[in-house]
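**Q** after the sequence you'll find the predicted model.
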Amino acid sequence: MEPAVSIRNLVNAFGTHTLHDNLNLDVMPGEILGIVGGSGTGKSVLMRSMLGLRKPQAGQIRVLGQDVYSAVPGLQQRWGVLFQNGALFSALTVRQNVEFPIALHSDMQAATRREIAQLKVRMTGLPVSALDKYPSELSGGMIKRAALARALALEPDILFLDEPTAGLDPIGATKFDKLVTYLQSSLNLTIVMVTHDMDSLFGICDRVAVLVDKKIVAGALHEIVQSPHPWIQRYFNDPRAIRARQKENKNVRAN
Ligand SMILES: Nc1ncnc2c1ncn2[C@@H]1O[C@H](COP(=O)(O)OP(=O)(O)OP(=O)(O)O)[C@@H](O)[C@H]1O
Ligand SMILES: [Mg+2]
């Protein structure tokens, strides 16, 4: 099976500050891959590289079989993105936000566009009344859902999520996680998710990729937690990680 995303020998540096040094990573179709790593290690930059938004110093990145930096037009429409900070256009309503990529990339009629926007918004669990609201009128959790609706607008194959549950309360975060798994299975998506959220990692990710020492160490969670690497050990033996793992074990037993 060809990886949905394949990164080979990636080098990213800002001046003398090297973030990625011959980094390799494969994301397999249909999986939910969690990316973790210390703050400032370059997770968001890695995501931007996968989107072709930052040309690396060296290396190859293929997404859906194409080189992102010399891809034929149209590749960008096959993924949806939730950026870490910029969520929505603040001057546009939720409906206009979700319609935006559709209007940009298709010649669909306004009425159809409206219908699709409505469908996507409902898919993310937002009430229809949210459609005509501006981002400033929504809660943080609703903004994330609306941004997810926009990311789904073009029916992507891959979703890139950068810390989607950051800033949500635990209940909101759990609901968001459920939404992500639901979308993954119902739409057969591949999901790449940068997260610091232990519950998300243990609850919904199929594999985890740890960005450490400027490289990726990837594997199933049970393999990664056994890694002897000191940072990985510390990270997964943090009391919060242990609690998340115990909770997950309970869930497994309960099912
Ligand atoms: N455009 C840029 N110009 C210069 N330096 C940058 C740029 N973008 C990112 N950096 C630097 O690269 C490093 C990694 O940034 P990045 O945002 O990828 O970290 P991160 O792993 O996502 O952190 P966090 O967990 O806090 O979100 C930081 O030191 C940041 O200052
Ligand atoms: Mg980041």
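**A** Looks like it arrived, so ask away. Bear in mind that the values here come from a model prediction, so they are computed numbers and not experimental data. Ligands and ions are numbered 1, 2, ... in the order given.
**Q** and residue 187, what does it touch?
**A** Residue 187 sits next to 152, 155 when contact means Cβ atoms under 8 Å, 6 or more residues apart in numbering. Any C-beta I mention is one placed from the backbone N, CA and C, and that applies to glycine too.
**Q** now it: how far from ligand 2?
**A** Using Cβ to the ion, to the nearest Å, we find residue 187 at a distance of 25 Å from ligand 2.
**Q** how close does that residue sit to residue 42?
**A** 29 Å (Cβ to Cβ, to the nearest Å).
**Q** what do you get for residue 90?
**A** Separation of residue 90 from residue 42 (Cβ to Cβ): 28 Å.
**Q** equivalent analysis for residue 97, please.
**A** Distance, residue 97 to residue 42, using Cβ to Cβ: 28 Å.
**Q** which of the two has more neighbours?
**A** residue 97 (25 against 22; other Cβ atoms under 10 Å).
**Q** right, and that one touches residue 103 too?
**A** No. Counting by Cβ atoms under 8 Å, residue 97 does not reach residue 103; the two are 11.0 Å apart.
**Q** give me the common contacts of the two.
**A** Common neighbours of residue 97 and residue 103, using Cβ under 8 Å, 6+ apart, do not exist here.
**Q** and this protein, which residues reach ligand 1?
**A** Residues of the chain found near ligand 1 (Cβ under 6 Å from any ligand atom) are 14, 19, 37, 39-45, 84.
**Q** one more pass at 5 Å, please.
**A** Contact residues (Cβ under 5 Å from any ligand atom) of the chain with ligand 1: 14, 39-45.
**Q** and those as CSV, adding secondary structure and pLDDT?
**A** Shown next, in CSV, are the residues of the chain next to ligand 1 (DSSP: H, G, I helix; E, B strand; the rest coil; pLDDT from 0 to 100):
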residue, secondary structure, pLDDT
14, strand, 96
39, coil, 93
40, coil, 94
41, coil, 96
42, coil, 97
43, helix, 96
44, helix, 95
45, helix, 96
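**Q** may I ask which two of the residues you listed are separated the most?
**A** 14 and 39 (15.6 Å; Cβ to Cβ).
**Q** so what pLDDT did residue 253 get?
**A** For residue 253, the pLDDT comes out at 56.
**Q** and the gap between the nearest residue to residue 200 once chain neighbours are set aside and residue 13?
**A** Closest residue to residue 200 apart from its sequence neighbours, by Cβ to Cβ, 6 or more residues apart in numbering: residue 177 at 5.2 Å. Residue 177 is 34 Å from residue 13, where distance means Cβ to Cβ.
**Q** which of the two has more neighbours?
**A** A count of neighbours by other Cβ under 10 Å puts residue 177 above the other of residue 177 and residue 13, at 23 against 16.
**Q** phi and psi next, for that one.
**A** The phi/psi pair for residue 177 (degrees, to the nearest 10) reads phi -60, psi -40.
**Q** would you mind confirming that it makes contact with residue 165?
**A** Yes. Residue 177 lies in contact with residue 165 (Cβ under 8 Å); the separation is 6.8 Å.
**Q** shared neighbours of these two, which are they?
**A** Joint contacts of residue 177 and residue 165 (Cβ under 8 Å, 6+ apart) are 197, 200.
**Q** how close does the closest residue to residue 140 other than its chain neighbours get to ligand 1?
**A** Closest residue to residue 140 apart from its sequence neighbours, by Cβ to Cβ, 6+ apart: residue 167 at 5.2 Å. In this view, residue 167 and ligand 1 are 12 Å apart by Cβ to the nearest ligand atom, to the nearest Å.
**Q** can you give me the pLDDT of residue 167?
**A** On the pLDDT scale, residue 167 gets 83.
**Q** so how far is stretch 21-30 from its chain's centroid?
**A** Distance, stretch centre to chain centre, for stretch 21-30: 14 Å (Cα atoms, centre = their mean, to the nearest Å).
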